[in-house]
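Enquirer: sequence-free structure coming up:
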């Protein structure tokens, strides 16, 4: 059995961040979970989701992207807005690769097991996981949970883009912390430079592993039309949670030990998908 919480690892550009893992020799597979934009591994109900998967015979690993704005000593409240501003999609793909390498090492070298690795990505993490799953044949199944289907459309256009290029930074309000969170123009420049790699549609169409898109039909942050796109491109069925929003009823902080009904529904679908041989 391997179990640890808040283990430090070096992510993109050598920046320190945190990793949790629970892996047993009896597990069917090990799931790696990637959080979304302005997210972190300890947000809301993620710990309860982890518990559900562990109870159903899956190893579970969750981590903070290296440039999500958190720090090793304060992973929740975005103490390092400079790091947040420097984040790129390429950094997140690098982080996911580093974590996958570590998970494979734990499984194969420390535990002497041959377990498949599955991915779950929420929101932006769903898009990142889709791209990554198309690049790493160690990934055997993946789920995009309210995941995005396009990156380019999320950048400003017209005068707003001109202003961003001129000023070098633009700010997004964090509704929870009330921080004005920066995005440096390098975020956009990285996308332009790596547009081919960062095309989620191409990655989805080239996936050869079992894929599931789960989406709430009342998602105001990532439209269900994006989930419909992902299902179309992967030639799979979209799993719709009726009445659910972007976080399936969860919020932060989440004090209850019970899951919101919509989230319970989504987790049940995920477990069934991963358990299906």
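Expert: Done, it's in. Because the structure is a prediction, the values reported are computed rather than measured.
Enquirer: what are the ranges of the helices in the stretch 51-200 of the chain?
Expert: Using DSSP state H, counting those that start in this stretch, the helices of the stretch 51-200 of the chain run over residues 81-86, 89-105, 124-133, 158-167, 186-193, 200-206.
Enquirer: possible to save these as TSV with mean neighbour count and distance to residue 17?
Expert: Backbone N, C-alpha and C define where each C-beta goes, glycine included. Converted to TSV, the helices of the stretch 51-200 of the chain look like this (neighbours: other CB atoms under 10 Å; distance: least, CB to CB, whole Å):
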stretch	mean neighbour count	distance to residue 17
helix 81-86	18	9
helix 89-105	19	7
helix 124-133	27	14
helix 158-167	11	26
helix 186-193	16	18
helix 200-206	18	24
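Enquirer: Same list (those) but as JSON lines, adding distance to residue 41 and mean pLDDT.
Expert: JSON lines is the format used below for those (distance: least, CB to CB, whole Å; pLDDT from 0 to 100):
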{"stretch": "helix 81-86", "distance to residue 41": "16", "mean pLDDT": "98"}
{"stretch": "helix 89-105", "distance to residue 41": "11", "mean pLDDT": "98"}
{"stretch": "helix 124-133", "distance to residue 41": "11", "mean pLDDT": "98"}
{"stretch": "helix 158-167", "distance to residue 41": "29", "mean pLDDT": "98"}
{"stretch": "helix 186-193", "distance to residue 41": "22", "mean pLDDT": "98"}
{"stretch": "helix 200-206", "distance to residue 41": "22", "mean pLDDT": "98"}
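Enquirer: I'd like to know which of those is closest to residue 21.
Expert: Nearest to residue 21, of all the helices of the stretch 51-200 of the chain, is helix 89-105, at 7.4 Å by CB to CB.
Enquirer: Quick one: list the elements packing against that closest one.
Expert: Packed against helix 89-105 by the contact rule (3 or more CB pairs under 8 Å, 6 or more residues apart in numbering; DSSP states H and E) you find strand 2-10, strand 16-23, strand 30-34, strand 59-63, strand 117-122, helix 124-133, helix 186-193.
Enquirer: thought residue 89 was touching residue 193?
Expert: No. Using CB atoms under 8 Å, residue 89 is not in contact with residue 193; the gap is 10.6 Å.
Enquirer: Of all the helices and strands packed on helix 89-105, which one is nearest residue 252?
Expert: Across the helices and strands packed on helix 89-105, closest to residue 252 is strand 117-122 (CB to CB), at 12.8 Å.
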